[in-house]
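[1] Pasting the sequence and the predicted coordinates here, then a few questions.
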Amino acid sequence: MSTPPRYYPTLDNVRDPIRLLADLQRVYNHLYALEGRSPTLATTSALSRLPISKADLEFIRANLQLSGSTPINITNLIGGSGTSVSSPLADTHANRLSSYPASSYPAGTLFFETDRTLTYVNLLVSGTLTWTYLSGIGYAVLASAYSGLGVADTNLLFFATDYFHLYRWTGAAFVFAPADDGSGYFRWDRTTPNMGLWQICDGTAVNVAKADATGTTSVTTPNATGSYLKVAASYNVTPQAAVAPGISGSTASESAHTHSINPPNTTSGDGSNHTVTVDPGAISTVSSSSHTNDVDIAAFTSGVGSAHLHAAGTLAVDATGQPLHLDTQLYLRR
């Protein structure tokens, strides 16, 4: 008599009544083979022909599941093999530490912390069953950031509800989570940004969240009203006064221009000391009294000048001018 090949039922088969029926049929086939009888083939209508009722099958299926009274011993679960898994546990964080020792529960058991909304799984770590963070995000104000964490809490997520920051536990300390953009940086915006906690830069001192979730640090914002940003070697909270640009050099050399000249009318000098020639044949004498003459000098154009320069003299540039600009507001991420 040949021995049928070995077959092991799966959890999926146990959950499905039809697959469970097929597995039970295999059990009967093995029994028939041991008794020397010919096995019968199971079909989808075989429920009515089995020596057990459908209600019995449902009862067996329910009790073989993880939540049943006698769950199947499933192998190759996270944390170990050959161990059964109990139903998920739920209680506060403090009670998990004090009343639920990991050694009392099989590997793979889940624990939900009702106050922190975090889920832990019981894993076999270096031969020791350990409650290990699995998923979830804890919520509290920054001052109540979780303490007493260790390596088993690695990758735990904590959200500070007052500063709107998401932190990740590295196994040794909190850091800003990859989804969080950190704190202490500036942002231009037309109004207060929607996401996060922000302070307009008006010279006010505010608290800014630390990167390790250990509290805050005080930061005085610059009074940025009317200021332009400039990249510098280091940050200075005090706006720097405007400085007017300097002027150097001289005007360009020029020698080709002329000037139009139109002198006004003028009067000649006193003529009392001049000589008058008298025509002997004239009847009238010529007066030799003092007198002047009006002279009208016609307008004329000067000649070209020699090349010359002009220094800047008293010319100056003030610091009141502004380039084309857009008015906006500067904010600090807290």
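    That came through fine. These numbers come from a predicted model, not from an experiment.
[2] For residue 20, which three-state class applies?
    Assigned by DSSP: H, G, I helix; E, B strand; the rest coil, the conformation of residue 20 is helix.
[3] any idea how far it lies from residue 60?
    Between residue 20 and residue 60 the distance is 7 Å, computed by CB to CB, to the nearest Å. All C-beta spots, glycine's among them, are computed from the backbone N, C-alpha and C.
[4] And residue 25, its phi and psi?
    Dihedral angles of residue 25 (phi, psi; degrees, to the nearest 10) stand at phi -60, psi -40.
[5] my bad, should have said residue 137
    Main-chain torsions, residue 137, degrees, to the nearest 10: phi -130, psi 130.
[6] okay, now the domains of this protein?
    Segmentation of the chain into domains, based on automatic domain parsing, reads 11-64, 89-176.
[7] Between those domains, which one is closest to residue 187.
    Of all these, domain 89-176 sits nearest to residue 187, with 14.0 Å by CB to CB.
[8] end-to-end on that closest one?
    30 Å (CA to CA, to the nearest Å).
[9] So the nearest residue to residue 251 once chain neighbours are set aside versus residue 249, what's the distance?
    In space, and not counting its chain neighbours, residue 251 is closest to residue 310: 4.3 Å by CB to CB, 6 or more residues apart in numbering. According to CB to CB, residue 310 and residue 249 sit 11 Å apart.
[10] again with residue 309
    For residue 309 relative to residue 249 (CB to CB), the value is 9 Å.
[11] Kindly report the same for residue 113.
    Residue 113 is 76 Å from residue 249, by CB to CB.
[12] Look at the two and report which has more neighbours.
    Neighbours per residue (other CB atoms under 10 Å) separate residue 113 from residue 249, with residue 113 holding more: 22 against 8.
[13] Who are the contact partners of the more buried one?
    90, 91, 92, 93, 96, 119, 120, 136 (CB atoms under 8 Å, 6 or more residues apart in numbering).
[14] repeat that for 6 Å
    Going by CB atoms under 6 Å, 6 or more residues apart in numbering, residue 113 touches residue 93.
[15] Let's see the pLDDT reported for it.
    With respect to pLDDT, residue 113 scores 98.
[16] got it, and residue 309?
    pLDDT recorded at residue 309 is 80.
[17] Equivalent analysis for residue 270, please.
    Taking residue 270 on its own, its pLDDT is 63.
[18] what comes into contact with stretch 212-230?
    Stretch 212-230 has contacts (CB under 6 Å, 6+ apart) with 145, 167, 173-174, 199, 201-205, 207-210, 237, 239, 330, 332.
[19] Would you write a ChimeraX line that selects the buried entries of the residues you listed?
    This is the ChimeraX syntax for the buried subset of these, where burial follows 16 or more other CB atoms under 10 Å:
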select :145,167,174,199,201,207,208,209,210,330,332
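[20] What ranges in the stretch 1-150 of the chain fall below the confidence cut-off?
    Applying pLDDT under 70 to the stretch 1-150 of the chain picks out residues 1-18, 38-54, 57, 61, 64-85.
[21] Going by residue numbers, what spans are strands in it?
    According to DSSP state E, counting those that start in this stretch, the stretch 1-150 of the chain carries its strands in the segments 89-91, 110-113, 118-125, 128-140.
[22] Distance to residue 188 added to these, as JSON lines?
    Shown next, in JSON lines, are the strands of the stretch 1-150 of the chain (distance: least, CB to CB, whole Å):
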{"stretch": "strand 89-91", "distance to residue 188": "47"}
{"stretch": "strand 110-113", "distance to residue 188": "41"}
{"stretch": "strand 118-125", "distance to residue 188": "38"}
{"stretch": "strand 128-140", "distance to residue 188": "30"}
